[in-house]
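S.K.: no sequence on this one, just coordinates:
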């Protein structure tokens, strides 16, 4: 086990080398005796509250939504912002990465968005009548996503055309659909 002195030295190292953010950083188990510089490769400060879960593409781009409604694309190798897209409200939906180079997600502004994964340009946007907290699921060219209006939507991956919607009769779906 690491001594109190070793833990204090690690904490001082993290602070001195700017590896802290609001007093927090990646903490290893003391018995591993790994210094912070060996754990934290980079740090990106979005100056935003992040509610959702991030997604990582094959080229190691990290996509994550923020409380202020931004979808961020961060280079996972360097920790630098590649682009950001502004929706009109909070994004808690985990972005889904398609094989078409598109990321799809919902926003509390009531829309489902599809963005070009390379530059963040809007490919399509579909309105629902409620906040979209659910994370999209894709199967066979179709995006499935729930909305706060109580409906499950089936949309075309390619252009967002609504294929159908179904009233769930159970309130607002906050979790992601599951397919079998």
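M.R.: Received the coordinates, thanks. For clarity, every value in this text was computed on a predicted model and none was experimentally measured.
S.K.: I figured residue 114 hits residue 103, correct?
M.R.: Yes. Contact criterion Cβ atoms under 8 Å: residue 114 and residue 103 qualify, at 7.2 Å. C-beta here means a position set from N, CA and C on the backbone, and glycine is covered the same way.
S.K.: residues in contact with the spatially closest residue to residue 101 that is not a sequence neighbour?
M.R.: What sits nearest to residue 101 in space, not counting adjacent residues and going by Cβ to Cβ, 6 or more residues apart in numbering, is residue 117, at 5.0 Å. Taking Cβ atoms under 8 Å, 6 or more residues apart in numbering, we find residue 117 in contact with 57, 61, 63, 73, 97, 101-103.
S.K.: switch the cut-off to 10 Å
M.R.: 57, 59, 61, 63, 73, 82-83, 95, 97-98, 100-103, 123 (Cβ atoms under 10 Å, 6 or more residues apart in numbering).
S.K.: Next: residue 88.
M.R.: 69, 107-111.
S.K.: Then residue 87?
M.R.: 65-66, 68-71, 105-111, 113, 115, 122, 125, 132.
S.K.: Give the buried subset of those as a ChimeraX selection command.
M.R.: Buried residues within these, by 16 or more other Cβ atoms under 10 Å, are selected in ChimeraX with:
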select :65,66,69,70,71,105,106,107,108,109,110,111,113,115,132
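S.K.: what residue lies at the spatial centre of the chain?
M.R.: By Cα atoms, centre = their mean, the chain has its centre lying nearest to residue 64, at 2.6 Å.
S.K.: For residue 71, see how far away that residue is.
M.R.: 8 Å (Cβ to Cβ, to the nearest Å).
S.K.: what's around the closest residue to residue 42 other than its chain neighbours, how many residues?
M.R.: Among residues not flanking residue 42 along the chain, residue 79 sits closest, at 3.0 Å (Cβ to Cβ, 6+ apart). The number of residues packed near residue 79 is 14, by other Cβ atoms under 10 Å.
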